[in-house]
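Visitor: Below is the sequence, then the predicted model.
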Amino acid sequence: MMAILEDRPISLKSGERITLRSARPDDAPGLVSLAADAFATSDFLGAGPEELDPDPAADRAKIAEFEANPTWLALVAFSGQTPIGRLNFRGFPKLRAAHSGQLGMYTATGWRGRGAGRALLSTLIDWARAHPTLETVCLGVMAPNTPAIRLYESFGFRREEWRIRQFRFGPGRYCDDIKMYLPVKPETGAVDPYTPEPIDLHGPPPGPLPVWRRTAPFEEVRRARLPEGEPLIIRRAREEDAAALVELGDDILSTSDYNLTTPEEFRQAFTEAKEREWVREMRDGPGNLALIAEIGGRLVGSASFRAESRRRMAHWGFFSIGIAREWRGRGVGRLLIETLLDWGVDHPTVEKICLGVLGPNVRAFRLYRAMGFAVEGYRYRGIRFAPERYADGVQMYQFVKPL
């Protein structure tokens, strides 16, 4: 269970007094009203008011989910009995990323700039520093939100990504996002070595942005040949591929050091039934794609893409890829990525394809670079292999629509 923070009286610089504590299920109606106010009056939130669920039952369920997770924290600021600010922090679920988590925060219209947000953030940081396993607090802030950026930097948050066109407010109207992080424990141990590309995190990159040029129209089945001459088939994953996908996933995670998921996590979570469910989800999701590569009827690789669910971010998503050990470095990955990018060109709403790759995975990074992907930031110490061994994540992107 998560640590429950009891009432904490806070005096603001103005002399006003507020109270901070963990959210409780009976706070749900007031929190819905707070969210409705914040979403309707702020230009700097990742979701619009049309996406707000007005049913307090949904918020009660969300609070219960926070109470069940030891690395999650739901904080609320009150003026009297009225909620005036909310901060949610979620520790990342994967074992190798569980030392970090992401926060989101907003305050009521009349309380912005008066210290409530600072009090929420300070309380979270104190809690994270005392937490036995958390080491890093992360957040995202829209690039034009100068007051929030100044607040975060005053706490010591560092920039790590400048994400281009992260939010889409309408045709031709976009907003960039800045990812930031704060170490809450001493940074000990070693980071696996690599050579990062220097990038400026105080503005969008100069020059033209990378845009994929389609190799061919997307087809449900693509036939190609590898450089060595083997015929290859790339097609959408089907439910009957589930057992082979489980076998492929186990092979990939057991023979590569460059994965977020551990082999043990995969074996616990990815049964044949779960893979069938995943294939259905990828098939039915409007911005999802699951591809497999076959040679001689045998599954040798897979790639998948999932668009973000919120409307303001549904124009982009992350892809992942995995190749069977004996077929790595032989062209399977390149053809899978080409097919995925060509699909993105033809898709009615997808505009940007993103990926994450570990810094030491030089061969994969070189492939992505050769295919036109550019670096937009780094997840410093994003992967924790052991108590004293870390790796940075490199965040890359490419557009599939003209800019």
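Guide: Alright, I've got the coordinates.

Visitor: now the strands for the stretch 151-300 of the chain?
Guide: 158-170, 173-183, 190-191, 221-225, 231-236, 288-295, 298-307 (DSSP state E, counting those that start in this stretch).

Visitor: Tell me the first helix or strand C-terminal of the helix or strand where residue 368 lies.
Guide: Using DSSP states H and E, residue 368 falls within helix 362-370. Reading on from helix 362-370 to the C-terminus, the next helix or strand found by DSSP H and E is strand 374-386.

Visitor: That following strand packs against which elements?
Guide: Packing partners of strand 374-386 (3 or more Cβ pairs under 8 Å, 6 or more residues apart in numbering; DSSP states H and E): strand 158-170, strand 173-183, strand 389-399. Any C-beta I mention is one placed from the backbone N, CA and C, and that applies to glycine too.

Visitor: and those strands, which is most packed in?
Guide: Mean neighbour count (mean count of other Cβ atoms under 10 Å) peaks for strand 389-399 among these, with a mean of 21.

Visitor: what angle sits between that strand and strand 173-183?
Guide: Strand 389-399 and strand 173-183 are oriented at 180 degrees to each other (axes from the mean of the first three to the mean of the last three Cα atoms, to 10 degrees).

Visitor: now for strand 389-399, which elements pack on it?
Guide: strand 158-170, strand 190-191, strand 352-358, strand 374-386.

Visitor: How far does the first one sit from its chain's centre?
Guide: Looking back up the chat, that one is strand 158-170. Chain-centre distance of strand 158-170: 12 Å, with Cα atoms, centre = their mean, to the nearest Å.

Visitor: ok, now the second one?
Guide: A distance of 23 Å separates the centroid of the chain from that of strand 190-191, by Cα atoms, centre = their mean.

Visitor: contacting residues around it?
Guide: 380, 381, 388, 389, 390, 391, 392 (Cβ atoms under 8 Å, 6 or more residues apart in numbering).

Visitor: can you list the weak-confidence ranges in the protein?
Guide: For the chain, applying pLDDT under 70 flags the ranges 1-3.

Visitor: all helices of it, in order?
Guide: Under the criterion DSSP state H, helices of the chain are mapped to 28-41, 56-67, 116-130, 146-154, 242-255, 263-269, 272-284, 332-346, 362-370.

Visitor: Let me have these in JSON lines, adding distance to residue 76 as columns.
Guide: Listed next are the helices of the chain as JSON lines, based on distance: least, Cβ to Cβ, whole Å:
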{"stretch": "helix 28-41", "distance to residue 76": "7"}
{"stretch": "helix 56-67", "distance to residue 76": "10"}
{"stretch": "helix 116-130", "distance to residue 76": "8"}
{"stretch": "helix 146-154", "distance to residue 76": "19"}
{"stretch": "helix 242-255", "distance to residue 76": "39"}
{"stretch": "helix 263-269", "distance to residue 76": "32"}
{"stretch": "helix 272-284", "distance to residue 76": "33"}
{"stretch": "helix 332-346", "distance to residue 76": "40"}
{"stretch": "helix 362-370", "distance to residue 76": "42"}
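
Visitor: For residue 290, find the nearest of those.
Guide: Residue 290 lies closest to helix 272-284 among the helices of the chain, at 3.8 Å (Cβ to Cβ).

Visitor: what angle sits between that closest one and strand 231-236?
Guide: Using the same axes, to 10 degrees: helix 272-284 against strand 231-236 is 80 degrees.

Visitor: Mind listing what's buried along helix 272-284?
Guide: Neighbour-count burial for helix 272-284, with 16 or more other Cβ atoms under 10 Å as criterion, is recorded at 275, 276, 278, 279, 282.

Visitor: can you check stretch 345-352 too?
Guide: Buried, per 16+ other Cβ under 10 Å, within stretch 345-352: 345, 347, 350, 351, 352.

Visitor: Including distance to residue 28, could those residues go into a markdown table?
Guide: Below are those laid out as a markdown table (distance: Cβ to Cβ, whole Å):
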| residue | distance to residue 28 |
| --- | --- |
| 345 | 43 |
| 347 | 37 |
| 350 | 35 |
| 351 | 36 |
| 352 | 35 |
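
Visitor: In JSON lines: the strands of the stretch 151-300 of the chain, plus distance to residue 90.
Guide: Formatted as JSON lines, those follow (distance: least, Cβ to Cβ, whole Å):
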{"stretch": "strand 158-170", "distance to residue 90": "18"}
{"stretch": "strand 173-183", "distance to residue 90": "15"}
{"stretch": "strand 190-191", "distance to residue 90": "24"}
{"stretch": "strand 221-225", "distance to residue 90": "38"}
{"stretch": "strand 231-236", "distance to residue 90": "31"}
{"stretch": "strand 288-295", "distance to residue 90": "22"}
{"stretch": "strand 298-307", "distance to residue 90": "18"}
